[in-house]
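**Q** 3D, please:
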Amino acid sequence: MAETLIKIDLSKSPQEHDNIHNRWHPDVPMIATVKPGSDFIVECMDWTGGQIGNNDSAEDVRDVDLSKVHYLSGPIAVEGAEPGDLLVVDILDIGAFADQMWGFNGVFAKENGGGFLTEHFPEARKTIWDFNGIYTKSRHIPGVEFIGLMHPGLIGCLPSQELLDEWNSREQALIDTDPDRVPALANPPYAPTAHVGRATGDAAAKVAAEGARTVPPREHGGNCDIKDLTKGSRVFFPIYVKGGGLSMGDLHFSQGDGEITFCGAIEMAGWIHIRVNVIKDGCKKYGVKNPIFQPSDMAPSYKKHLIFEGISVDESGKQHYLDAHVAYRQACLNAIEYLKKFGYSGAQAYSLLGTAPVQGHISGIVDVPNVCATIWIPTEIFDFDIMPNAEGPTIAVSSPEVPTALWKG
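**A** The predicted structure is shown next:
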């Protein structure tokens, strides 16, 4: 049995753990050192650090403090790893804690981060999903059950000081173009809620003041939210500091491509079993700037899909030039409108697209002026027929709206 290298006590707050952190900075101390070829288990809190409860209220999603996230287990050093090397991470297994077999999906209030379709769904909402082995279903979205493709939403190595400074500089420049935008264009360093692991004294103050927030993916990996990185996957991470400094968290039971509700997967606390190796001078050898991912051969065997298309024309009818963001939004909105014909509310359909193993594709990106983006919904996850037919759709589900909470004030 593999050693559990990092243990988490869910009865304690994130601040009571010195083996987790919520900022990226080269001065976050390593909490363990392992040899190349080692395999071990890492336990992880859910990404909010326990701010969301298994209940039928969305007030906790409305009130979540996003300046605290994500809580990451690590960083872990690998002997002999140096800047310019590639860290090879094999995901051997992943799962939820046996005494916490549930997860959550959330839509944040527009005033607190929003989501991909925040103009259409500006209020905070939540759905709870119960796990039964590899399957999940939700009391808030009836008529659907699917196999989870468990994966770490966030995994990566510590940045160098030079890379960190580049991140903070370019993201602040973006913020400065519209500093009062809601939601904000990016999230700058924020010292009051920084959790700096085992850093102390001046080093702790420096990490808190400069540490990059964990919200976006960057050159080191980070919050990539690639649903296919389940057990059997391999990742090659660029190394920027001695030892690498591997950290991970934000575990998902399942997710649709794009994680469109922002808190868009089925978020969970759990564990991940990994193996690490090092390719010396791998970045130069293979021309690597961003991580390379090799997906697993293991995936739900859903073969029948209904595919919805979107183009670079927004809801108002405005034409955009080869805008993939607009096109994918339209594909999602088209799918939501379709699912509403079977009795789902818009919010239920929105949550379903964020949690079920749907596929997102850029099907065409050269035919001016429209990108063609598509979203593929596996039809086998429903316990009724969603295919078009001559008789028209049948109302198959009827349930109250998902838990919703209006923004305070």
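
**Q** low pLDDT regions in the stretch 301-409 of the chain?
**A** 409 (pLDDT under 70).

**Q** in it, which spans are helices?
**A** 324-340, 346-355 (DSSP state H, counting those that start in this stretch).

**Q** quick one: the first one to helix 346-355, angle?
**A** The one in question is helix 324-340. Here the directions of helix 324-340 and helix 346-355 differ by 120 degrees (axes from the mean of the first three to the mean of the last three Cα atoms, to 10 degrees).

**Q** re earlier: point out the most buried one among the helices of the stretch 301-409 of the chain.
**A** helix 346-355 (a mean of 26; mean count of other Cβ atoms under 10 Å). C-beta: built from backbone N, CA, C; applies to glycine.

**Q** hang on, the earlier thing: quick one, which of the helices of the stretch 301-409 of the chain is nearest to H151?
**A** Evaluated with Cβ to Cβ, the helices of the stretch 301-409 of the chain place helix 346-355 nearest to H151, the distance being 13.0 Å.

**Q** who's in contact with that closest one?
**A** 105, 107, 117, 120-121, 125, 127, 129, 138, 140-141, 144, 254-256, 258-261, 264-266, 332, 335-336, 339-340, 344, 375, 377, 399, 401-402, 404 (Cβ atoms under 8 Å, 6 or more residues apart in numbering).

**Q** now the helices of the stretch 301-409 of the chain in TSV, with distance to S296?
**A** Formatted as TSV, the helices of the stretch 301-409 of the chain follow (distance: least, Cβ to Cβ, whole Å):
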stretch	distance to S296
helix 324-340	24
helix 346-355	19
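
**Q** figure out which of those helices is closest to R23.
**A** Of all those, helix 346-355 comes closest under Cβ to Cβ, at 26.0 Å.

**Q** dump that closest one to CSV, restricted to CA.
**A** As requested, the backbone C-alpha atoms of helix 346-355 are provided in CSV (Å, rounded to 0.1, in the frame of the first residue of the first chain):
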residue,chain,number,x,y,z
GLY,A,346,-32.5,26.9,-17.2
ALA,A,347,-30.5,26.6,-14.0
GLN,A,348,-30.8,22.8,-13.8
ALA,A,349,-29.7,22.5,-17.5
TYR,A,350,-26.8,24.9,-16.8
SER,A,351,-25.6,22.9,-13.9
LEU,A,352,-25.9,19.7,-15.8
LEU,A,353,-23.7,21.0,-18.6
GLY,A,354,-21.1,21.9,-16.0
THR,A,355,-21.1,18.5,-14.2
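
**Q** burial count for the closest residue to D130 other than its chain neighbours?
**A** Spatially, and ignoring its direct neighbours in sequence, D130 is nearest to W102 (5.3 Å; Cβ to Cβ, 6 or more residues apart in numbering). Using other Cβ atoms under 10 Å, W102 has 16 other residues around it.

**Q** now L306
**A** Neighbours around L306, by other Cβ under 10 Å: 17.

**Q** that one and D385, how far apart?
**A** Separation of L306 from D385 (Cβ to Cβ, to the nearest Å) stands at 11 Å.

**Q** still on that earlier bit, among the contacts of helix 346-355, which ones are buried?
**A** Neighbour counting with 16 or more other Cβ atoms under 10 Å marks 105, 107, 117, 121, 125, 127, 129, 138, 140-141, 144, 254-256, 258-261, 264-266, 332, 335-336, 339, 344, 375, 377, 402, 404 as buried within these.

**Q** among the residues you listed, name the ones in helices.
**A** In helices, defined here by DSSP state H, the members of the buried ones among the contacts of helix 346-355 are 332, 335-336, 339.

**Q** can you tell me which of those is closest to T193?
**A** Nearest member of these to T193, counting by Cβ to Cβ, is C332, at 31.4 Å.

**Q** who are the contact partners of the closest one?
**A** 116-117, 258, 260, 308, 310, 350, 353, 375.

**Q** for M298, same thing?
**A** Per Cβ under 8 Å, 6+ apart, neighbours of M298: 230-232.

**Q** can you tell me the SS state at it?
**A** Judged by DSSP: H, G, I helix; E, B strand; the rest coil, the three-state class of M298 is coil.

**Q** ok, it to Y240 distance?
**A** 31 Å.

**Q** just the helices in the stretch 51-200 of the chain please.
**A** Going by DSSP H, counting those that start in this stretch, the stretch 51-200 of the chain shows helices at 59-62, 161-176.

**Q** CA atoms only for the shortest one - export them in PDB, please.
**A** Included here for helix 59-62 are C-alpha records, laid out as PDB according to Å, rounded to 0.1, in the frame of the first residue of the first chain:
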ATOM      1  CA  GLU A  59     -26.400  31.000   0.800                       C
ATOM      2  CA  ASP A  60     -23.000  29.300   1.300                       C
ATOM      3  CA  VAL A  61     -22.300  29.600  -2.400                       C
ATOM      4  CA  ARG A  62     -23.400  33.200  -2.400                       C
END
